[in-house]
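Visitor: with the input below, show me the fold.
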Amino acid sequence: MHLYPSKNSLRLGTKLYRRMRYRKGHGVHSPFVFNLITKVIEESLPYYRFHEIELERRKLHYCLEELSYTDKKGRKEKKHTATVSAIVAQEAIKQKQGMLLFRLANFFKYKKMLQIGTGVGISTLYLTSYDSDIQCISLEAIPAFANITKRLLAHETQANVVIRVGEYQHLLPEALATLQQVDMVYFKSKREHADTFALFEQMLPYVHESTCFVFDGIKTSQQMRLVWKTVCNHPQVTVTVDLYSMGIVFFNPKLHKRNYINYF
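Guide: As a prediction, the model looks like this:
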């Protein structure tokens with residue numbers, strides 16, 4: 001007999017509550033956030049690139065080539081061997097979240113993008129597919145994941161995408177110096193919770209009032225919950241949107257500081 005609900009039932013209950021309470025911009029008085037929710041987050045119109053990107057994902061799912069890589073969690077390192085198919089299933093951004101990245105980039109017409117973690121290239125395609133005149137630097141700590149990304153992007157993107165492999169803390173200064181300013185940053189660094197906020201602070205001198213940061217997996221662990229809470233409370237941050245699976249951050253000083261919750 002179980003006296004307490006399981007974690008899965010609590011998660012489903014939370015999502016159901018969010019769906020009933022937070023949707024379609026109900027109760028949102030900020031015109032900026034209302035437009036963001038109704039025209040970007042909850043937009044359902046398909047774009048032709050979505051189908052093409054998902055075809056590339058499907059091709060990778062059929063790839064049974066085995067790769068070895070080292071997964072670093074904190075100070076511990078663990079060696080793994082997995083097929084490309086298994087790696088993509090675990091690491092690639094989900095279609096729903098990927099389409100949101102595309103809509104954000106397209107809506108605000110972002111040109112200078114930075115990725116912390118490549119997501120084996122699927123998230124990169126969603127970020128950069130709306131325009132060929134995009135400069136994107138994608139940092140990846142695991143060489144095997146970077147190799148999958150390079151193979152995918154070799155024939156699937158027209159944007160200027162540069163992939164750099166190594167520790168994020170070492171790669172970031174040069175990436176920021178190259179971009180000079182960042183329009184959009186996507187954090188896919190679920191393995192390095194302790195470094196995420198440090199990386200965030202290092203980027204702040206390069207943001208402008210239209211810059212958007214997107215954090216993946218803000219509820220995946222207690223550490224990421226703490227990172228998200230700390231980011232929301234940062235004095236340079238104004239508007240944040242909690243989508244449960246992702247978090248969106250803006251820095252526009254003209255906006256009133258507030259954390260919004262929306263069903264997604």
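Visitor: which residue packs closest to Thr196, ignoring adjacent ones?
Guide: Distance criterion CB to CB, 6 or more residues apart in numbering; nearest residue to Thr196, sequence neighbours excluded, is Val227 at 5.0 Å. From N, CA and C alone the C-beta is placed, and that goes for glycine too.
Visitor: wait, the one you found touches Phe197, no?
Guide: Yes - Val227 is within contact range of Phe197, at 5.3 Å (criterion: CB atoms under 8 Å).
Visitor: which residues does the residue nearest to Thr196 contact?
Guide: His193, Thr196, Phe197, Phe215, Ile218 (CB atoms under 8 Å, 6 or more residues apart in numbering).
Visitor: same thing with Ile87?
Guide: Here Ile87 is in contact with Leu67, Val120, Ala144, Phe145, Ile148 (CB under 8 Å, 6+ apart).
Visitor: now it: how far from Met99?
Guide: Computed as CB to CB, to the nearest Å, the Ile87 to Met99 distance reads 22 Å.
Visitor: for Met184, same thing?
Guide: 15 Å.
Visitor: again, but for Tyr263
Guide: In terms of CB to CB, Tyr263 sits 16 Å off from Met99.
Visitor: tell me the buried residues in the helix or strand containing Leu36?
Guide: Element membership for Leu36, per DSSP states H and E: helix 31-36. Using 16 or more other CB atoms under 10 Å as the test for burial, helix 31-36 gives Val33, Phe34, Leu36.
Visitor: surely Ile137 and Ala177 touch.
Guide: No - the pair Ile137 / Ala177 is not scored as a contact, 10.5 Å apart, by CB under 8 Å.
Visitor: for the stretch 101-250 of the chain, give me the ranges with low pLDDT.
Guide: Along the stretch 101-250 of the chain, the parts satisfying pLDDT under 70 run over 157-158, 189-194.
Visitor: can you do 80?
Guide: Across the stretch 101-250 of the chain, the ranges flagged by pLDDT under 80 are 155-159, 189-194.
Visitor: list the buried ones in the helix or strand encompassing Val88?
Guide: Assignment of secondary structure by DSSP H and E places Val88 within helix 84-91. For helix 84-91, the neighbour count (16+ other CB under 10 Å) marks Val84, Ala86, Ile87, Val88, Glu91 as buried.
Visitor: stretch 97-116 too?
Guide: Quick answer for stretch 97-116 (16+ other CB under 10 Å): 97-108, 110-116.
Visitor: on that earlier part again, looking at the buried residues of helix 84-91, which is nearest Glu156?
Guide: Comparing these against Glu156 with CB to CB places Val88 closest, at 14.0 Å.
Visitor: which residue, other than its chain neighbours, is closest to the closest one?
Guide: Counting by CB to CB, 6+ apart, Leu60 is the residue found nearest to Val88 once chain neighbours are left out, at 4.5 Å.
Visitor: contacting residues around the one you found?
Guide: Contacts of Leu60 (CB under 8 Å, 6+ apart): Val84, Ser85, Val88, Ala92, Val120, Ile148, Leu152.
Visitor: where's it relative to Leu199, distance?
Guide: In terms of CB to CB, Leu60 sits 27 Å off from Leu199.
Visitor: what comes into contact with whichever strand or helix holds Gly98?
Guide: Using DSSP H and E, Gly98 sits in helix 95-108. Contacts to helix 95-108, defined as CB under 8 Å, 6+ apart, come from residues 39-41, 43, 47, 49-50, 53-54, 57, 93, 110, 113, 122-123, 125-131, 134, 183-184, 186, 210, 212, 214, 216, 243, 245-246, 248, 264.
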